[in-house]
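1. Turn this into a structure:
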Amino acid sequence: MAKIMTEIFGSFQEYLNTEQELREQIRETVRDIDRISREIVTLLQVIHQEQTADTEIPNTCLKARKYFDEVRVNYIKLASVVPQDQYYRFHDQWKFVTQRLAFLIALTIYLEVGILVSRETVAEILGVKSRRDEGFHLDLEDYLMGLLQLSSELSRFAVNSVTYGDYNRPLEISRFVAELNAGFRLLNLKNDSLRKRFDALKYDVKKIEEVVYDLSIRGLKPNTSTATPTSTAAPTASISEKCTTQQN
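-> Predicted coordinates:
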């Protein structure tokens, strides 16, 4: 009997040791990803600085792209460690840093070309798949949470732009965030965290509208013919399409 007990519990210990090693590998890789993401956050804060030149933002985006290359290497490493059929078993370990990176990628692309980044593009930059049935992927909720974080950052950007005398930027941001909000309104959000975060988007929209209104009553709002438009033709369709066709 003692021998049987030893064999049984010996196998348990082997399983626990293997499990612990796997979790430690995941933690180490996620720690590296988190470190890089924080460096990108610090880098992109340049948009809120008064002395930022028009050429500095594009250069900053180029630097951010190099950091994303490092992130991609680590996600590929992470995907090779996580067992193929156990993605959601360990998902909590990289969920929040992935949401932050989805936001940072969305912000970078908005600053570069003024459009909403797609789920596929975010997944490609991270070096993961865009669909659940393809393996290690960008979870839809993580992508959407990243977009909701983007709205808060753009709200802050709009306020700071006015402070620094850039009166075109808030109008561009207002159009973009309004369409983002319209896209999210097409969704039937049942997830508690997404619903709560979506409520914050409503306040972001209101805050930006107040900035634009203030410019208008002070006579500082640029004419629509002279303001430089931002290309935001399809953000609403993009959000609804991702949620209705890619939620796996």
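2. In stretch 184-193, which residues have enough neighbours to count as buried?
-> In terms of neighbour count (16 or more other CB atoms under 10 Å), stretch 184-193 has its buried residues at 184, 187, 189. (C-beta placed from N, C-alpha, C; glycine too.)
3. again, but for stretch 94-108
-> Under the neighbour-count criterion of 16+ other CB under 10 Å, stretch 94-108 has 94-95, 97-108 buried.
4. Now that stretch - C-alpha only, PDB.
-> Output of stretch 94-108 as PDB, limited to C-alpha atoms (Å, rounded to 0.1, in the frame of the first residue of the first chain):
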ATOM      1  CA  TRP A  94      -1.100  38.400 -20.300                       C
ATOM      2  CA  LYS A  95      -4.600  39.900 -20.600                       C
ATOM      3  CA  PHE A  96      -4.000  43.300 -19.200                       C
ATOM      4  CA  VAL A  97      -0.700  44.000 -20.900                       C
ATOM      5  CA  THR A  98      -2.200  42.900 -24.200                       C
ATOM      6  CA  GLN A  99      -5.100  45.400 -23.700                       C
ATOM      7  CA  ARG A 100      -2.500  48.100 -23.000                       C
ATOM      8  CA  LEU A 101      -0.600  47.200 -26.200                       C
ATOM      9  CA  ALA A 102      -3.700  47.100 -28.300                       C
ATOM     10  CA  PHE A 103      -4.300  50.700 -27.000                       C
ATOM     11  CA  LEU A 104      -0.800  51.700 -27.800                       C
ATOM     12  CA  ILE A 105      -0.900  50.300 -31.300                       C
ATOM     13  CA  ALA A 106      -4.300  52.000 -31.900                       C
ATOM     14  CA  LEU A 107      -2.800  55.300 -30.700                       C
ATOM     15  CA  THR A 108       0.300  55.000 -32.800                       C
END
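5. and that stretch, how far out from the chain's middle?
-> 3 Å (CA atoms, centre = their mean, to the nearest Å).
6. what's it in contact with?
-> The contact list for stretch 94-108, computed with CB atoms under 8 Å, 6 or more residues apart in numbering, reads 26, 30, 33-34, 37, 40-41, 44, 61, 64-65, 68, 71, 78, 116-117, 121-122, 125-126, 138-139, 142-143, 145-147, 149-150, 153-154.
7. Apply 7 Å and report the result again.
-> For stretch 94-108, the surrounding residues in contact (CB atoms under 7 Å, 6 or more residues apart in numbering) are 30, 33-34, 37, 40-41, 44, 61, 64, 68, 71, 78, 117, 122, 125-126, 138, 142-143, 145-147, 149-150, 153.
8. With distance to residue 169 and secondary structure as added columns, please give the buried residues of stretch 94-108 in JSON lines.
-> Putting these into JSON lines (distance: CB to CB, whole Å; DSSP: H, G, I helix; E, B strand; the rest coil) gives the following:
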{"residue": "94", "distance to residue 169": "33", "secondary structure": "coil"}
{"residue": "95", "distance to residue 169": "32", "secondary structure": "helix"}
{"residue": "97", "distance to residue 169": "29", "secondary structure": "helix"}
{"residue": "98", "distance to residue 169": "28", "secondary structure": "helix"}
{"residue": "99", "distance to residue 169": "25", "secondary structure": "helix"}
{"residue": "100", "distance to residue 169": "23", "secondary structure": "helix"}
{"residue": "101", "distance to residue 169": "24", "secondary structure": "helix"}
{"residue": "102", "distance to residue 169": "23", "secondary structure": "helix"}
{"residue": "103", "distance to residue 169": "19", "secondary structure": "helix"}
{"residue": "104", "distance to residue 169": "19", "secondary structure": "helix"}
{"residue": "105", "distance to residue 169": "20", "secondary structure": "helix"}
{"residue": "106", "distance to residue 169": "17", "secondary structure": "helix"}
{"residue": "107", "distance to residue 169": "14", "secondary structure": "helix"}
{"residue": "108", "distance to residue 169": "16", "secondary structure": "helix"}
